[in-house]
Every structure is written in C-alpha cells, then in structure tokens.
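Chemist: Here is a sequence with its predicted model. Questions after.
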Amino acid sequence: MANDVIMPQMGFDMKEGTLVRWIKHEGDSVASGDIIAEIETDKAVVEIEAFDSGILRKTMISEGTTVPVGAVIAVIGTTDEQIPETSGQPAATAASQVTEAPKTLSSSEAQPANSAPAPKGERKASPLARREAQKLGLDIASIPGSGPNGRITKQDVLAYVAGPEAQPTEPPSPMPSSSVGPKRGDVIVPTKMRDAIARSMTFSKQNVPHIYITIPVDMTDAVKLRAQLNDAFEDQKVSVNDMVLRACAIALVKHPLMNASYTDVGIEVREQINIGMAIALEAGLVAPAVPDTDSLSLLQIAAETKSLVARARDGKLSSKEYTGATFNVTNLGMYGVESFTAIITPPQAAALAVGAVQVEPVSRDGKVKVASIMRVTLSLDHRVADGAQGSEFLAQVKRTLENPAMLLV
C-alpha cells in the first residue's frame, strides 16, 4: 500500500517548510527510520525520517520549494504497486519559492548599505546556497554574501554565475550582530526565526498563566566535583549546565507534573523526559531536546549537549531534537546574570531559568562563610500545578545539586 510522506509540523506555530534537499531519491529503497530529506523551518534545518519501509516511488516537490504543513511531499510504496492518481497530490497553489534573508532598513535613507563578506575560511552560507554552489562546481568561499553578517544566499550564487552586470549595485545590509549593533533610527525586519519566536512567546504570555518561584542553590560542592571530573576526563568536559540538566531529570522523575502539558481534554503527563537546552544563535534562540534525559549519566548528558550545540550552529538538528522537548532549561550565567524568569514554551508546562554561580557570604551554624551560590527560577503553568508543587520540584533540584554525588548515581 502506498504511503504519503507529508511536510511535518516542527513546532506548534509552524505553518510551512522548505525542502532543502532530497537525501533519498526516486527508486531508492527506504527503511523505517531512514533520513529521506532535509527541510528548513523558521528556526533550523531538520531531517525528515521515513515512517514506512519500501521504495521511494515519487517525490512531489523540488528542492528549494516551500509548502504548507500537511502537504504531501513524497510517496513510499512497493516496486510493482500501482500508485493511485490521487496519491501524493500536494497543495500546489500553496507552494512558493524560498524567501532569502531579510534586509535592515534605515529610516533616514530607507536604502540598503553595502555588506562586507565574512573572512575567507569562515564563510557562512544557507543550505540552498551551498547546494547550488556544489551543483555548479563553485568555491563557496569566493562568493560575496549579501545576507546577515555576510551570509551567502542562493541569490548570491546565481548572481555570481551571471557576472557583475547581474549583481545589484547596492546589496542588502546585514542584520546587526552582537559586535555591530543597529544605528539609531534603523527599522529592522525580523528574521524568520525571530518572527517565529515572537509569535510563540506572545502566545505563551497571553494564554499561559505563569507563576515564578526562585530558590538559591549552594553549588560549592558541585563546583568541586565538576573540577574533579574535568581533570579526570580531559576529552569530555562537564559544564554547570550539564549538572543542572541531570538534576532536573532526577527531579522530573519524582515530580511528573512539571513534565506535562495542559490540553483541551486534560493535563497530559508526558511519557518521555526530554529536556530542552536553550542555545543562542545569531538569528534567534533554539531549544533542542536531549532525548530521554533521565536515562543518561552526567557524562552522557555532557556529550549530548556538546553535540547539540555544534549541530544547532550548523543548522543540523533532527526533527525529534527540534520538537521533542518536554521541559526547558535556559542558562544566562555565562553573562553574569544573577537571576531572571523564562517564558514557557508551549505546549510545555514549565521551564527553569539558571543564573550565574557567584561567591557570596552565607550564614552557616551561626557563622558567616563564603559559598558559591546559584539562583534558579521555575516558570510554571498554573493550570497544571500550584506553587507548592513547583516548590517541591525546586527543592529536589536544590537537594541534588547540593549533594552532587546524587548526580553520579
């Protein structure tokens, strides 16, 4: 029986996706779980897995085409099977060509400025641009980029091939980065990722009743344990954030309401514990999940988070990592932030905001001592749980981190 492959929904607010490239092609054998294509969403390039085994009989859209969620993009069947005429018919009118990077507009001039390319050897390019350059046999590093921070777009590749006369005299200026901020009076068109974040966070703040609970954690012993582990395992460094993820996983097992979702039919307690880790990219924020975090050791979590960061920056996240988080951890400690509150990412029910580890005077047994203190704040959907239940969860996180041998069990 022929089975349709559809454009999946990678996030509750995703409306469409762009087919970046086919990994499997018509006539190829496909097993359930095989990666058959890469798609680009508002936030990342993710891989699509096959849910059926057979032969990739038909691909319905070409690379670089954008289609709505739910549109059929391919058909998997058997060699001698007759594919029905109605099978694999996507909403053709909804397909549109991929839109390249936005511009930064100046209110004083309303004209784009020249964009300086990134240094050779460190060039940034969209997946479509790299694909087009490879197809044409071009060195991607030799092509001037007009996207954010000199990022090379598909249009840049095509313009390079066409020659100088076909290239715009005033290419779009890059989106401001952390090193070069916008000028006064600039009007910045948001990236697709920033626009998606805006929609998701606005929905959350308007529809989810947040409550916030903060607790201090004495990290003195945890910091010592981390130093010992990093000395013993030079090839696998453990971060404070890794320790927090491990502590949260332990606490989520004991307090499953923090790993739930509020739905129209009731509170759904999630079967898996997949903790998402917020990663800041130039275009915005992503929070890929560490699958089955509770089943991983501290060193395994450290390895997973290192891999997640690398693949997030390269735009190579799997669909499970991109959409599977059931609880999020955001850490701003590296910026010296003492404490803050996180916005819950729907459909999750809770998120943890982690501040910096700071040396502070504390009172112990009537004496003032110095300790390494870290403040964590739980954001909780009040429809799912109350402050007392959230406090019990935080108390477990605190207890685990203050007795760090529990992280190794």
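Modeler: Sure thing, it's come through.

Chemist: for this structure, what helix or strand is lowest in average pLDDT?
Modeler: Scoring the helices and strands of the chain by mean pLDDT, DSSP states H and E places strand 104-106 at the bottom, with a mean of 36.

Chemist: The stretch 151-300 of the chain: helices as residue ranges?
Modeler: Counting by DSSP state H, counting those that start in this stretch, the stretch 151-300 of the chain has helices at residues 154-162, 192-207, 220-232, 240-254, 298-313.

Chemist: can you put these in CSV and add mean neighbour count, mean pLDDT and distance to residue 279?
Modeler: To be clear about C-beta, it is placed using only N, CA and C from the backbone, and glycine gets the same treatment. Putting the helices of the stretch 151-300 of the chain into CSV (neighbours: other C-beta atoms under 10 Å; pLDDT from 0 to 100; distance: least, C-beta to C-beta, whole Å) gives the following:
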stretch, mean neighbour count, mean pLDDT, distance to residue 279
helix 154-162, 19, 66, 25
helix 192-207, 16, 85, 12
helix 220-232, 15, 95, 20
helix 240-254, 23, 97, 11
helix 298-313, 18, 92, 5
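
Chemist: could I get those as a markdown table with distance to residue 27?
Modeler: Formatted as a markdown table, those follow (distance: least, C-beta to C-beta, whole Å):
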| stretch | distance to residue 27 |
| --- | --- |
| helix 154-162 | 27 |
| helix 192-207 | 33 |
| helix 220-232 | 50 |
| helix 240-254 | 43 |
| helix 298-313 | 29 |
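
Chemist: Show me the one of those helices that comes nearest residue 363.
Modeler: Across the helices of the stretch 151-300 of the chain, residue 363 has its closest neighbour in helix 220-232 (14.3 Å, C-beta to C-beta).

Chemist: For the closest one, what is the distance to the chain centroid?
Modeler: Helix 220-232 sits 29 Å away from the centroid of its parent chain (C-alpha atoms, centre = their mean, to the nearest Å).

Chemist: With only the CA atoms kept, save it in PDB.
Modeler: Backbone C-alpha positions of helix 220-232 (Å, rounded to 0.1, in the frame of the first residue of the first chain) are rendered in PDB as follows:
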ATOM      1  CA  THR A 220      30.200  24.800  46.400                       C
ATOM      2  CA  ASP A 221      30.500  21.000  46.400                       C
ATOM      3  CA  ALA A 222      29.100  20.800  42.800                       C
ATOM      4  CA  VAL A 223      31.800  23.100  41.600                       C
ATOM      5  CA  LYS A 224      34.500  20.900  43.300                       C
ATOM      6  CA  LEU A 225      33.000  17.800  41.700                       C
ATOM      7  CA  ARG A 226      32.900  19.400  38.300                       C
ATOM      8  CA  ALA A 227      36.600  20.300  38.600                       C
ATOM      9  CA  GLN A 228      37.500  16.700  39.600                       C
ATOM     10  CA  LEU A 229      35.500  15.300  36.700                       C
ATOM     11  CA  ASN A 230      37.100  17.600  34.200                       C
ATOM     12  CA  ASP A 231      40.600  16.700  35.500                       C
ATOM     13  CA  ALA A 232      39.800  13.000  35.200                       C
END
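
Chemist: Tell me what angle it forms with helix 240-254.
Modeler: Interaxial angle, helix 220-232 versus helix 240-254 (axes from the mean of the first three to the mean of the last three C-alpha atoms, to 10 degrees): 120 degrees.

Chemist: wait, doesn't residue 299 sit right on residue 238?
Modeler: Yes. Between residue 299 and residue 238 there is a contact under C-beta atoms under 8 Å: 6.9 Å.

Chemist: intersection of neighbour lists for those two?
Modeler: Counting by C-beta atoms under 8 Å, 6 or more residues apart in numbering, the contacts common to residue 299 and residue 238 are residue 229.

Chemist: Quick check: the gap between the most centrally placed residue in the chain and residue 336.
Modeler: Of all residues in the chain, the one closest to the mean position by C-alpha atoms, centre = their mean is residue 286, 2.8 Å from it. Distance, residue 286 to residue 336, using C-beta to C-beta, to the nearest Å: 23 Å.

Chemist: Give me the distance from stretch 401-409 to the chain's centre.
Modeler: Centroid separation between stretch 401-409 and its chain, computed with C-alpha atoms, centre = their mean, is 28 Å.

Chemist: Now do the end-to-end distance for that stretch.
Modeler: Terminal residues of stretch 401-409 are spaced 13 Å apart (C-alpha to C-alpha, to the nearest Å).

Chemist: cool, stretch 271-284 as well?
Modeler: Termini of stretch 271-284 sit 29 Å apart (C-alpha to C-alpha).

Chemist: low-confidence ranges in the stretch 301-409 of the chain?
Modeler: Counting by pLDDT under 70, the stretch 301-409 of the chain contains no low-confidence range.

Chemist: so where do the helices sit in it?
Modeler: 319-323, 387-402.

Chemist: Any chance of TSV for the ones you listed, columns mean neighbour count?
Modeler: Formatted as TSV, the helices of the stretch 301-409 of the chain follow (neighbours: other C-beta atoms under 10 Å):
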stretch	mean neighbour count
helix 319-323	21
helix 387-402	18
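
Chemist: closest one to residue 211 among these?
Modeler: Of all these, helix 387-402 sits nearest to residue 211, with 5.8 Å by C-beta to C-beta.

Chemist: Which neighbouring elements make contact with the closest one?
Modeler: strand 210-218, helix 220-232, helix 240-254, strand 350-364, strand 367-381 (3 or more C-beta pairs under 8 Å, 6 or more residues apart in numbering; DSSP states H and E).

Chemist: what about those, which gets the closest to residue 291?
Modeler: Here helix 240-254 is closest among those (C-beta to C-beta), at 11.4 Å.

Chemist: what helices or strands is the closest one leaning on?
Modeler: Packing partners of helix 240-254 (3+ C-beta pairs under 8 Å, 6+ apart): helix 220-232, strand 275-277, helix 298-313, strand 327-331, strand 350-364, helix 387-402.

Chemist: related to what we said a few turns ago, take the helices of the stretch 301-409 of the chain and lay them out in CSV including distance to residue 251.
Modeler: Shown next, in CSV, are the helices of the stretch 301-409 of the chain (distance: least, C-beta to C-beta, whole Å):
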stretch, distance to residue 251
helix 319-323, 22
helix 387-402, 4
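
Chemist: which ones are touching residue 47?
Modeler: Contact analysis of residue 47 by C-beta under 8 Å, 6+ apart lists 23, 35, 37, 38, 316, 317, 318, 319.

Chemist: Who does it form a beta bridge with?
Modeler: Going by DSSP bridges, residue 47 is paired in beta bridges with residue 38, residue 318.
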